[in-house]
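K.L.:
Sequence first, then the predicted structure, then my questions.
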Amino acid sequence: MSTLGLPKSDEIVICDEVWSVSNNIPKRRWRLAITVIYFTTVLVSLTKKVLDKDGPLLRTLSYVAIDVQDKTVPSLLSVDPKKLSDMVRNKNFETLSKFGGVKELAFILQTHVKNGINGDEADRIQRQNIFGTNKYPKPPAKKFLRFVYEALKDTTILILLACAMLSLAFGIKQHGWKDGWYDGGSIIVAVFLVVAVSAGSDYKQSREFQKLSTKSSDIRGEVVRDGRRQPVSIFDVVVGDIVCLKIGDQILADGLLLEGHSLKVDESSMTGESDPIQIDERNPFMLSGTKITDGFGFMLVTSVGMNTAWGEMMSSINRELNEETPLQARLNKLSSYIGKVGLVVAALVLVVMLIRYFTGNTKDDKGNKEFNGSKTKFDDVMNAVLSIVSAAVTIIVVAIPEGLPLAVTLTLAYSMKCMMADHAMVRKLSSCETMGSATIICTDKTGTLTLNEMKVTEFWLGKEAMEDDNYSNLAGNILKLLQHAVGLNTTGTVYKPNSTLVPEVSGSPTEKAILSWAVFNLGMNIEEVKQDYHIIHVETFNSAKKRSGVSVRNNNKKTIHTHWKGAAEMILAMCSAYFDRAGVLKVMDEEERLQLETIIKNMAQKSLRCIGFAHKEVIEESGQPIEKLKENGLTLLALVGMKDPCRPGVSTAVESCKAAGVNVKMITGDNVHTAKAIAFECKILKPNEDVGDEAVIEGVQFRNYSQEERMEKVDKIHVMARSSPIDKLLMVQCLKQKGHVVAVTGDGTNDAPALKEADIGLSMGIQGTEVAKESSDIVILDDNFTTVVTVLRWGRVVYSNIQKFLQFQLTVNVAALVINFVAAVSSGKVPLTAVQLLWVNLIMDTLGALALATEKPTNDLMSKPPIGRSKPLITKIMWRNLMAQAVYQVTTLLVLQFKGKSIFGVNENVKNTLIFNTFVLCQVFNEFNARKLDKKNIFKGILKNKLFLAIVGITIVLQLVMVEFLNRFANTERLDWGQWGACIGLAALSWPIGWLIKCIPVSGKKLANKRASPS
């Protein structure tokens, strides 16, 4: 037996059964041979296991115990999804114990507790087929016909349709089907055309908002699959997945805690419980939709989608981005006011025309009185009355600027779509327009102004800087302690499938930089580091403490090790000793402490983020649980400096903000020297400016100011270092009290109060937690400050586009109301019929909104001061422009009304067609004027707006069809070349008139420019 490498023993334990082997029974050699072959196979398998660190090989002097038991893996089909769902939802320990506990359930779900599921496509599809997908059915979106129905509910449209139906009935009765349907039928067709175009536009915008809503609900998370941490969408999470959880994460599905430290969950969204719930072995149940408030850990997914309470709740909520924005509210008030004016004018027109008709003062085309008392047929009277009522109602339709809310919806939808392409996702509609009024942007440093691609560039042991080639000369105890300091106190991971591949490091940018340095420079093997230690207690990092700590027990010795890492000066303050390069422990006196502080300061002045490592070892006291980590009397292990370069283009973006009258303040957790260095690099601070104590302060100083001092100094502060989330909140509150419109960036869970308090909360899409995103108005998908400035530009263009459309629409309203009122009072007839006015309404409301609401932002917008909160919608510049154009149009049309027949030598119908054609073409030319409210060159950048040119072209073609081909429908006559030329010439005069009007100065404009210049 010795030749076979077996110990001399009486028994060999195989597969939990004892086989006695006797050396004096030669007859059993065949059985022995089979046993040896089996034994050797198992040994090879065990060797691989040991090498992979999957399980220890237990040995004693008397025998070799080999566990070759292979559990039969149960089928996933045998698991009842409802049983799992009810277990977690009801927090049922009895059901969990029947499964055998969390780890046994993981085995049943074919999940490795460390490596997760296999994760290939076939495995994921199988799990989705059995347990469902992590999606929930949404309430069906509104169909197109629903928008048509809502548009038809408008009172004026209903009155107009009623008049048209009566007109149709009387017309058919009087003139028969062939000729009698034109008057009423054309109005009905025109009404439905206006309704269809309006409904189609609303339907399209609704679909856009629906897409954005879907995008905003696509939460990202991290899972472990095949031993590797990888980011996934919430929709791709399957039952059996192991989800990695950290502070600020939203829990993606229902599940059970596999492993975690200091884990607390906010369940208020699901259970209404306001206090965070501790998650541990005694309470491992975790609900989808809740959020991690502290700690980190790993969760086994047990239910997804509609099998979770969150899924059921979300399926009943239709998240449409359809809230009324402040600008829409203001425009609705304006629309109501203009509508009332239109109603008064329409009522006057109705009364005057009815009086003129029944007193015999109106004549037909042949010059005969239309009403001759009892001689006039009842049908003729009804047709005349209906025609008058239709004209009056159509005036109301034209007067009510329902295109204003449509224009806001269009410009918001268009801006949101373009902002998404520019890496900004709008969560709250009103933030689009509010951003245009921003006067202050409070921004983070890391990842927003910088690339968030950290790398350790300096390493200090005590008071001595270590070069790369000297790492191998480190004292053994120091090297081991540093490896432990990094490997045990981290939320990151190192994935290395085999010894030939380069390790893959994951975690936050800071964790990745430190882990990469430890793996590649210090030669750390994180699995070896962790196997000898058991974690007792963890203090997770957050932006208030600015450090993280861990307490571990050595498995081989009765010692407790405490490791801290964090902001260098804070770690240094906790230390009373340090290690030198030779690994000798030295007591730290005040002089040496000052020298170390100088080292930290010098690193910070090079724009480096300084991280310190500290350690303490104590003998374990039996029965004394560790509830709090030691925070004093520690030994300083090392200091490292990490470089995080500024993003390209940040300094240009900051300068463009300043030119636009928007001040940029940097609020960072880094120390004051690092913050100042980065601020100079980003042009937040200028080298030639006298940077006093008031421009750069620390959070604690600001916090300790009185309210009066804060209000006095807040405008002078450019950089706030070592700030906590409370400091950021205080600054936002002070700035708002001083009348500023404040935009704030944030990524942490603790930034949520400041993001909510700010006028515009901007969360980070990459580094931002789900809590921060939920609290924000806009998500910056690439974490880039340049994108923040892009959002500012889009915010300004929203307001600018609305003002352009408002000027255009009010010009049409004034002209249409005046011409119809004057003509009705003077002649008893309106030159613009119901169908013609509906066509003008279509051009003005829908096509005009599309043309003017989709202008892209220009550099001119960033040279103007911010739009004030209380600034009037219609500025003096707009009043100047619209009144000039309205006066010109009214004058031209009235001349045509009273002198058109003699000037052109035409009949009444041709004259009315000339008025209609000139009026429509005036609006087409005036659309160009409306593109630039205060610039004389109205054609600048016009070729970039293809939609504008297309709409103008479509309008002209449709007008040509209306005049030349749809004579009966539109009540028009065909015009010759000369008449078309006259109409175009009269309309084109609006361009030189617009240019001349813009030469007239407007009071207050120069003052506004002066106010903007200091910024």
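P.N.:
Looks like it came in fine.
K.L.:
Which residue ranges of the stretch 401-550 of the chain form strands?
P.N.:
If you assign secondary structure with DSSP state E, counting those that start in this stretch, the strands in the stretch 401-550 of the chain sit at 424-426, 440-443, 455-461, 464-465, 493-495, 504-506, 533-539, 547-554.
K.L.:
now the second one, how far from the chain's geometric center?
P.N.:
When C-alpha coordinates are averaged (Cα atoms, centre = their mean, to the nearest Å), strand 440-443 and its chain have centres 17 Å apart.
K.L.:
Which other helices and strands does it contact?
P.N.:
Using 3 or more Cβ pairs under 8 Å, 6 or more residues apart in numbering; DSSP states H and E as the contact test, the elements touching strand 440-443 are strand 663-667, helix 725-737, strand 742-746, helix 785-827. C-beta here means a position set from N, CA and C on the backbone, and glycine is covered the same way.
K.L.:
Tell me which residues of the second one come out buried.
P.N.:
Right, helix 725-737. Neighbour counts using 16 or more other Cβ atoms under 10 Å place 725, 727-735 of helix 725-737 among the buried residues.
K.L.:
quick one: average pLDDT of that helix?
P.N.:
For helix 725-737, mean pLDDT rounds to 91.
K.L.:
That one - contacts with which helices or strands?
P.N.:
With contacts defined as 3+ Cβ pairs under 8 Å, 6+ apart, the packing partners of helix 725-737 are strand 440-443, strand 663-667, helix 699-704, helix 707-713, strand 719-721, strand 742-746, helix 752-757.
K.L.:
just how off-centre is the longest one within its chain?
P.N.:
Mean-position distance between helix 707-713 and its chain equals 33 Å (Cα atoms, centre = their mean).
K.L.:
Does residue 261 lie in a helix or a strand, and which?
P.N.:
Using DSSP states H and E, residue 261 falls within strand 254-266.
K.L.:
got the CA coordinates for that strand in CSV?
P.N.:
The C-alpha coordinates for strand 254-266 follow below in CSV (Å, rounded to 0.1, in the frame of the first residue of the first chain):
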residue,chain,number,x,y,z
ASP,A,254,-36.7,41.1,-4.0
GLY,A,255,-34.0,39.1,-2.3
LEU,A,256,-32.1,37.8,0.7
LEU,A,257,-28.9,39.0,2.2
LEU,A,258,-26.0,36.7,1.5
GLU,A,259,-23.3,38.7,3.1
GLY,A,260,-23.0,42.3,4.3
HIS,A,261,-21.7,44.8,6.8
SER,A,262,-23.5,47.7,8.6
LEU,A,263,-26.3,47.3,6.0
LYS,A,264,-29.3,49.6,6.5
VAL,A,265,-32.3,50.0,4.2
ASP,A,266,-34.9,52.8,3.8
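K.L.:
continuing past that strand, what's the next helix or strand?
P.N.:
Following the chain from strand 254-266 toward its C-terminal end, the next helix or strand by DSSP H and E is helix 268-271.
K.L.:
For that following helix, buried residues please.
P.N.:
Of the residues in helix 268-271, those with enough neighbours to count as buried (16+ other Cβ under 10 Å) are 269-270.
K.L.:
for the record, mean pLDDT for that helix?
P.N.:
With pLDDT averaged residue by residue, helix 268-271 scores 74.
K.L.:
Now do it: which elements does it pack against?
P.N.:
Using 3+ Cβ pairs under 8 Å, 6+ apart, helix 268-271 is in contact with helix 309-315.
K.L.:
Off-centre distance for the following helix or strand past the helix it packs on?
P.N.:
Tracing the chain past helix 309-315, the next element assigned as helix or strand by DSSP H and E is helix 326-358. The gap between where helix 326-358 is centred and where its chain is centred comes out at 41 Å by Cα atoms, centre = their mean.
K.L.:
so helix 326-358 versus helix 785-827, what angle?
P.N.:
Put simply, helix 326-358 runs at 10 degrees to helix 785-827, going by axes from the mean of the first three to the mean of the last three Cα atoms, to 10 degrees.
K.L.:
show me where the stretch 551-700 of the chain has strands.
P.N.:
In the stretch 551-700 of the chain, the segments counted as strands under DSSP E, counting those that start in this stretch are 559-567, 575-579, 585-587, 608-619, 634-643, 663-667, 696-698.
K.L.:
nearest to residue 329, of the ones you listed?
P.N.:
Residue 329 sits nearest to strand 663-667 of all those, at 28.2 Å, using Cβ to Cβ.
K.L.:
Now the closest one: average pLDDT?
P.N.:
In this model, strand 663-667 has a mean pLDDT of 93.
K.L.:
who does it pair up with?
P.N.:
On the basis of DSSP bridges, the sheet neighbours of strand 663-667 come out as strand 440-443 (parallel), strand 719-721 (parallel).
K.L.:
Switch these over to JSON lines; also include distance to residue 198.
P.N.:
As requested, these are arranged in JSON lines below (distance: least, Cβ to Cβ, whole Å):
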{"stretch": "strand 440-443", "distance to residue 198": "37"}
{"stretch": "strand 719-721", "distance to residue 198": "50"}
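K.L.:
on that earlier part again, mind putting the strands of the stretch 401-550 of the chain into CSV with mean pLDDT?
P.N.:
Listed next are the strands of the stretch 401-550 of the chain as CSV, based on pLDDT from 0 to 100:
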stretch, mean pLDDT
strand 424-426, 88
strand 440-443, 92
strand 455-461, 91
strand 464-465, 88
strand 493-495, 88
strand 504-506, 87
strand 533-539, 87
strand 547-554, 90
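K.L.:
Can you verify my assumption that residue 969 contacts residue 186?
P.N.:
Yes - here residue 969 lies in contact with residue 186, judged by Cβ atoms under 8 Å, at a distance of 4.6 Å.
K.L.:
neighbour-wise, which of the two wins?
P.N.:
Neighbour tally, residue 969 and residue 186, criterion other Cβ atoms under 10 Å: the higher count belongs to residue 186, 23 against 17.
K.L.:
count of residues packed around the residue nearest to residue 587 when sequence neighbours are not counted?
P.N.:
Leaving aside its chain neighbours, residue 587 sits nearest to residue 577 (5.3 Å; criterion: Cβ to Cβ, 6 or more residues apart in numbering). Using other Cβ under 10 Å as the criterion, residue 577 is surrounded by 16 other residues.
K.L.:
Repeat that for residue 545.
P.N.:
Using other Cβ under 10 Å as the criterion, residue 545 is surrounded by 14 other residues.
K.L.:
Once you drop chain neighbours, what's closest to residue 757?
P.N.:
The shortest distance from residue 757 to any residue that is not its chain neighbour, by Cβ to Cβ, 6+ apart, is 4.9 Å, and that residue is residue 732.
K.L.:
need the contact list for that neighbour.
P.N.:
By Cβ atoms under 8 Å, 6 or more residues apart in numbering, the contact set of residue 732 is 442, 742, 744, 754, 757-758.
K.L.:
Export stretch 152-160 to CSV, keeping only CA atoms.
P.N.:
Taking only C-alpha atoms (Å, rounded to 0.1, in the frame of the first residue of the first chain), the coordinates of stretch 152-160 have been written out as CSV:
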residue,chain,number,x,y,z
LEU,A,152,-62.9,68.0,-30.0
LYS,A,153,-64.0,68.7,-26.5
ASP,A,154,-63.0,72.3,-26.9
THR,A,155,-66.1,74.5,-26.5
THR,A,156,-65.4,76.8,-29.4
ILE,A,157,-64.7,73.8,-31.7
LEU,A,158,-68.0,72.2,-30.7
ILE,A,159,-70.0,75.5,-31.4
LEU,A,160,-68.2,75.8,-34.7
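K.L.:
now that stretch: mean pLDDT?
P.N.:
Predicted confidence along stretch 152-160 averages 74 (mean pLDDT).
K.L.:
Could you do stretch 79-89 as well?
P.N.:
For stretch 79-89, mean pLDDT rounds to 91.
K.L.:
And it, what's buried?
P.N.:
Judged by neighbour count (16+ other Cβ under 10 Å), stretch 79-89 contains these buried residues: 79, 81, 84-85, 87-89.
K.L.:
so can I have a markdown table of the strands of the stretch 401-550 of the chain showing distance to residue 880?
P.N.:
Written out in a markdown table, the entries for the strands of the stretch 401-550 of the chain read as follows (distance: least, Cβ to Cβ, whole Å):
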| stretch | distance to residue 880 |
| --- | --- |
| strand 424-426 | 33 |
| strand 440-443 | 32 |
| strand 455-461 | 58 |
| strand 464-465 | 68 |
| strand 493-495 | 65 |
| strand 504-506 | 61 |
| strand 533-539 | 65 |
| strand 547-554 | 61 |
